[in-house]
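1. Pasted the sequence and its predicted model underneath.
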Amino acid sequence: MRYQLLRQLLAGLFLCLLFVFSAQAQRRFRIEKRVFKMGINFVDVATENSLLPDRQLKPVFNLGFAADFRLAGPLALRVGGQYQPRGFRYKTNFPEGSVNTNVSLHYLDVPVDLVLTAGGRTKVYISAGGYVGYGVYGTTIQKAKGFKLVIDGDSLSTSREAAFGSDKLKRWDYGLNVALGFERNDTQFGVTYGHGLANLSPFNNTAIRNRSLGIFLAYRFDGM
């Protein structure tokens, strides 16, 4: 418990330093390039104590815009905003049948990354940083097979409800991002991994944290 609290405090301090640094960069440095980026991620959650067994990866599409500030040599600071879906799905087996649960979470993220590019015409691309996200919309869909779900006195084969709420998942999320790829002619391509540090679970004795693995494509262009 103390380790988890320390990890969250360190992560929060790290993100605060990144935001302060980005604010200083915006005052001292001019925008070098605008960036349009998109990608396909396979999302899931990290849990503890065998919570949510039999999970499957969810493919999602994300997109966003950012600005690159050149700091020194090959090092740049990238600050942006993006639409980032997350979520998870799992299957629960019962003697009568099974229930498939699909949780879709839609976030607006503010990522802040340090970007390093090195090489000749084709450069190696490495980035690392953090993000803060807010869940603007989320749904939980349950589909029963072999029996009916009883909800508020009604027998249903499919139920749908909000995923965020006071007794449901928490809306605020934050975590760390890393990426590795290549850059050529201001086009960047590679793989990325993100791991949430915020516990989304409404219960103190459980933990649910977002995570994702995917590919990205980014194009850097001059201002218009």
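-> Arrived safely. Numbers count the residues shown, from 1 in each chain.
2. Only C-alpha atoms, please: export the helix or strand where residue 193 lies in PDB.
-> In this assignment (DSSP states H and E), residue 193 forms part of strand 187-196. Output in PDB follows, covering the C-alpha atoms of strand 187-196 (Å, rounded to 0.1, in the frame of the first residue of the first chain):
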ATOM      1  CA  THR A 187       6.900  11.400 -41.100                       C
ATOM      2  CA  GLN A 188       7.200   9.300 -37.900                       C
ATOM      3  CA  PHE A 189       6.100   5.700 -37.500                       C
ATOM      4  CA  GLY A 190       6.600   3.300 -34.700                       C
ATOM      5  CA  VAL A 191       5.200   1.400 -31.700                       C
ATOM      6  CA  THR A 192       4.000   2.900 -28.400                       C
ATOM      7  CA  TYR A 193       3.100   1.700 -24.900                       C
ATOM      8  CA  GLY A 194       1.100   3.500 -22.300                       C
ATOM      9  CA  HIS A 195       0.600   2.500 -18.700                       C
ATOM     10  CA  GLY A 196      -1.900   4.200 -16.400                       C
END
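3. For the closest residue to residue 111 other than its chain neighbours, name its beta-bridge partners.
-> The shortest distance from residue 111 to any non-neighbouring residue, by C-beta to C-beta, 6 or more residues apart in numbering, is to residue 131 (4.2 Å). All C-beta atoms are positioned from the backbone trio N, CA, C, and that covers glycine. Beta-bridge pairing for residue 131 (DSSP bridges): residue 111, residue 175.
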